[in-house]
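Peer 1: below is the sequence, then the predicted model.
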Amino acid sequence: MAQPTSAGADARWASALELARSAPQELSVADLADEVGYSPFHFTRLFTQRTGIGPGQYLIAQRIDAAKRLLLTEDLPVIDVATAVGFESVSSFSRRFKQTVGVTPGALRQLADRVADHPPQPFALLPPSPDVVRVHLDVPEEACRRGDPSLWVGWYPVPAPIGLPRGGILARSIPSVDLPLSPGAPFLLAFAVRAEADVLDQLTPTAPLVAAHPAPLTASAEVTLTLRVADSTGVPMLSALPSLCRSVGEPG
């Protein structure tokens, strides 16, 4: 198969990602590879290099994100939500949902009620490590003018907000933070939630401010994370971060 030109390849990559975002339940990795013009094997290798996760995992992430929105905006039974996003059984859907979000589908709805009554307050969930990374946070001035945004900085096992982080801190009005390293979770990600964000925007943000360190961190260091509006074709924000408050004594 002929290789697309550089400009053509970029356009085809963008087209494939947009397809995956708009109809993930209808597509396979082979479909996305064909859109770009590569074999599935070559496409998978390049996709993983570009995003840090495989295309199959990316499609699942988009399906779970769609499920989150249905769960929080529609009064549908979980089995109907599972079917709508392309799962054949509610058990496989619930298992995958908990792996990627951190709570079950039913628990996400309960979490939304809890967040409405008790918005997440600053807390720390820090791994016991003697090695520390000092993180400087560069937040857009516009976000600060609207009020102090909630800032989450935490450790993930993959360079994407999939599943619950292994450790981190939720804070406001901080220029920097010291985070102990988390063995097995070397990827540092940050997110900002607007001060006036409603429950839906906290749990399924459509255009969150995000940042990710470009490489895994396994030793003490000093880094800067610059938060920017997330790319619409990036990995959606799947982690149910407010669920972490329970483990550190927040109101339930």
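Peer 2: In hand now; what should we look at?
Peer 1: now do the helix or strand harbouring Asp178, average pLDDT.
Peer 2: Secondary structure from DSSP states H and E places Asp178 in strand 176-180. Averaged over strand 176-180, pLDDT sits at 93.
Peer 1: equivalent analysis for stretch 13-29, please.
Peer 2: For stretch 13-29, the per-residue pLDDT averages 81.
Peer 1: then the strand holding Asp178 to CSV, C-alphas only?
Peer 2: Only the C-alpha atoms of strand 176-180 are listed here, as CSV (Å, rounded to 0.1, in the frame of the first residue of the first chain):
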residue,chain,number,x,y,z
SER,A,176,4.0,24.6,42.6
VAL,A,177,3.7,21.3,44.5
ASP,A,178,6.0,18.6,45.6
LEU,A,179,4.9,15.1,44.7
PRO,A,180,6.5,11.9,45.9
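Peer 1: which neighbouring elements make contact with that strand?
Peer 2: strand 132-138, strand 150-156, strand 167-172 (3 or more CB pairs under 8 Å, 6 or more residues apart in numbering; DSSP states H and E). Where you see a C-beta, it was placed from the backbone N, CA and C, and this is true even at glycine.
Peer 1: what mean pLDDT does the next helix or strand along the chain from it have?
Peer 2: As assigned by DSSP H and E, the chain's next helix or strand after strand 176-180 is strand 187-193. The average pLDDT for strand 187-193 rounds to 92.
Peer 1: poorly predicted segments of the stretch 51-200 of the chain, please.
Peer 2: 143-148, 195 (pLDDT under 70).
Peer 1: of the helices and strands packed on strand 176-180, which stretch is the most buried?
Peer 2: Ranked by mean neighbour count, the helices and strands packed on strand 176-180 are led by strand 150-156 with a mean of 24 (mean count of other CB atoms under 10 Å).
Peer 1: that strand pairs with which strands?
Peer 2: Under the criterion DSSP bridges, strand 150-156 sits next to strand 167-172 (antiparallel), strand 187-193 (antiparallel) in its sheet.
Peer 1: which residues does the last one contact?
Peer 2: Read that as strand 187-193. With CB atoms under 8 Å, 6 or more residues apart in numbering as the contact definition, strand 187-193 has outside contacts at 52, 133, 135, 137, 139, 143, 149-161, 165, 179, 201-202, 205, 208-213, 216-217, 223, 225, 227, 237, 241.
Peer 1: one more pass at 6 Å, please.
Peer 2: 143, 149-153, 156, 159, 161, 202, 208-213, 216-217, 225, 227 (CB atoms under 6 Å, 6 or more residues apart in numbering).
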